[in-house]
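*Asks:* Quick one, what's the 3D model for this:
(one chain, ligands or ions: 1)
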Amino acid sequence: MLITATGLGKRFQRDWIFRGLTRTFRPGSATAVLGPNGAGKSTLLNTISGQLLPTEGALAYELAGRAVAVEDVPQHLAYAAPYLELLEELTLLELLRFHTRFKALRPGMTPDRLIDLMYLENARQQLVREFSSGMKQRLKLGLALYAAAPLLLLDEPTTNLDATGVAWYQEHVQATRAGRTLLLSSNVPAEYSFCDEELLVTDFQKR
Ligand SMILES: Nc1ncnc2c1ncn2[C@@H]1O[C@H](COP(=O)(O)OP(=O)(O)OP(=O)(O)O)[C@@H](O)[C@H]1O
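*Replies:* Numbering: from 1, shown residues only. The predicted model follows:
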């Protein structure tokens, strides 16, 4: 998905979180959105994804040369973030079957195969509520990475992952990023070192 931000700004009450952001995000690019805690990385991702309205400026979306309306962006979006909740009252297999009714997996991927890829085969019938925080994070990432969605947003993707989980993330983000527009908010180089572009939110904090 081609995304063009022009003079984009977001304000909460009287505080500008970012302002004057003009930038193009192209299919196949991976952009690391960087900045200290509270800088506005998540706010920027949520604005670009159309979930928060910009206070000023404009966002335009295009898919294969056709304009996409902001209200249609969610159907083209896969998003993993610490603040997005999983349906914890379901078993893993139930959750995957439910989730994929609304958000299809990439061609050739099935819930069973995804469970194996996430190293969750022993948890197939387990309630997600009982998962460890690292298992939940692998599940969130697996759902986003293997969704058939041209826009991929990852907010702090290695939260709660151990060294094996970080290596798993690095392998699978590389395996699934081709052709997608990827934005990734982070403070951890191991999460974003593969990105080809960087966007420092504090560069857009003229008040
Ligand atoms: N809905 C909201 N209403 C008012 N202020 C908000 C809202 N959401 C975020 N903020 C404020 O906007 C600022 C940026 O928050 P944001 O979560 O985007 O930062 P961040 O860079 O993602 O931080 P972190 O690295 O800690 O996750 C913070 O000061 C936060 O308090």
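
*Asks:* Look up how far residue 131 lies from the most centrally placed residue in the chain.
*Replies:* Geometric centre of the chain, nearest residue: residue 153, 2.1 Å, by C-alpha atoms, centre = their mean. In this view, residue 153 and residue 131 are 22 Å apart by C-beta to C-beta, to the nearest Å. From N, CA and C alone the C-beta is placed, and that goes for glycine too.

*Asks:* now swap in residue 188 and tell me
*Replies:* As for residue 188, its distance to residue 131 is 22 Å (criterion: C-beta to C-beta).

*Asks:* higher neighbour count, those two?
*Replies:* Higher neighbour count among residue 188 and residue 131: residue 131, with 18 against 12, using other C-beta atoms under 10 Å.

*Asks:* who's in contact with the more buried one?
*Replies:* Counting by C-beta atoms under 8 Å, 6 or more residues apart in numbering, residue 131 touches 92, 123, 139.

*Asks:* out of everything not next to it in sequence, what's closest to the second one?
*Replies:* Right, residue 123. Spatial nearest neighbour of residue 123, chain neighbours left out: residue 92 (5.2 Å); criterion: C-beta to C-beta, 6 or more residues apart in numbering.

*Asks:* For the one you found, give me the backbone phi and psi.
*Replies:* Dihedral pair for residue 92: phi -60, psi -50, per degrees, to the nearest 10.

*Asks:* re the thing from before, residues touching the residue nearest to the centre of the chain, list them.
*Replies:* When contacts are counted by C-beta under 8 Å, 6+ apart, residue 153 touches 45, 48-49, 77-81, 144, 182-184.
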